[in-house]
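S.K.: Starting from these lines, generate the structure:
(one chain, ligands or ions: 1)
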Amino acid sequence: MSDEEHASAPHWSETWRGVEGQVPAGPAGYGAMIDTLRTFLDDVAAASPDEAIVAALTQDMAGWSSKLRPLAVPEAERIFAHRRDLPGRGQTMSPQLFIDEASAESVRGHVTFGDYYLGGNGAVHGGAIPLLFDEILGRLSNAGTQKRSRTAFLHVDFRSITPIGKRLQIRGWFEYEEGRKRLLKADLRDGDTLCAEAEGLFVELRPGQP
Ligand SMILES: CCCCC/C=C\C/C=C\C/C=C\C/C=C\CCCC(=O)SCCNC(=O)CCNC(=O)[C@H](O)C(C)(C)COP(=O)(O)OP(=O)(O)OC[C@H]1O[C@@H](n2cnc3c(N)ncnc32)[C@H](O)[C@@H]1OP(=O)(O)O
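M.R.: Predicted coordinates for the structure are as follows:
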């Protein structure tokens, strides 16, 4: 999918875009490159390659690292994880989050954990699920305001196995705000089954606070 197709796909919410503000421009094809990297990581995780494939792949990857390293830029100029116009924000650390509906108070979307996120016995790794919750609640907490916040705590309850390779539904919402404190909640479901739920405290940063 091209970046333009990504940005105009029906899963992308104009409302969420509106509350998150401007996004940095990036080169054409960046979203497709990140999609390819995600697929690659799933393929690496699922495959049992022979020695020749391992050697060739290692060489190819080292070649690409050498090409990328001289292109490193300061954080503020980076594209990775800054493309909020793309599903998954143009990053591969947490699973690709597709937003279906969003406002400044709540958000609803879907996600599929690929093989890369396997913990064991077909279940998602217990560390990947908080990543997803921090992603959706962190974005919601910071949406529609210039007053940025950071996660003070993130409590996650694993209610049932979160399956690999299935399209899951995720929701996040504001519970309350009190001074600089914002309490948000989220849940992750496989159809009618509650997989996990989270409660996060986000604290608004003071001017100059990193
Ligand atoms: C990502 C950074 C934000 C940038 C956002 C920018 C743009 C937004 C747009 C898009 C974003 C895109 C993607 C975002 C995706 C994910 C976001 C993830 C966000 C994170 O993943 S970020 C990393 C993990 N995060 C940290 O690295 C925080 C380390 N930490 C600290 O930086 C401080 O700890 C801080 C600032 C949290 C508070 O420090 P502080 O000095 O400002 O405030 P203070 O301690 O006075 O607390 C004030 C009131 O909160 C209560 N309180 C505090 N902590 C509590 C706790 N744990 N439990 C219970 N209550 C607590 C106090 O009890 C008091 O309550 P009261 O006023 O009632 O007494």
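S.K.: where's the nearest residue to residue 124 once chain neighbours are set aside relative to residue 200, distance?
M.R.: Taking C-beta to C-beta, 6 or more residues apart in numbering, and ignoring the residues beside it in sequence, residue 124 has residue 162 as its nearest neighbour in space, at 4.1 Å. Just so you know, the C-beta spots here come from the backbone N, C-alpha and C atoms, and that holds for glycine as well. Counting by C-beta to C-beta, to the nearest Å, the gap from residue 162 to residue 200 is 18 Å.
S.K.: what's around the nearest residue to residue 147 once chain neighbours are set aside, how many residues?
M.R.: Nearest residue to residue 147, sequence neighbours excluded (C-beta to C-beta, 6+ apart): residue 204, at 5.0 Å. A count of nearby residues for residue 204, using other C-beta atoms under 10 Å, gives 17.
S.K.: Name whatever forms a beta bridge with residue 204.
M.R.: Residue 204 forms beta bridges with residue 149, as assigned by DSSP bridges.
S.K.: contacting residues around it?
M.R.: Contact analysis of residue 204 by C-beta atoms under 8 Å, 6 or more residues apart in numbering lists 147, 148, 149, 180, 181, 182.
S.K.: and those, which are buried?
M.R.: Among the contacts of residue 204, those classed as buried by 16 or more other C-beta atoms under 10 Å are 149, 182.
S.K.: Next, the buried residues of whatever helix or strand residue 39 lives in.
M.R.: In the assignment (DSSP states H and E), residue 39 maps to helix 30-46. Within helix 30-46, the residues that count as buried by 16+ other C-beta under 10 Å are 30, 31, 34, 35, 38, 42.
S.K.: same deal with stretch 137-146?
M.R.: In stretch 137-146, the ones that count as buried by 16+ other C-beta under 10 Å are 137, 138, 139, 140, 141, 142, 143, 144.
S.K.: Make sure the last one is actually in contact with residue 106.
M.R.: This means residue 144. No: judged on C-beta atoms under 8 Å, residue 144 makes no contact with residue 106 at a distance of 11.5 Å.
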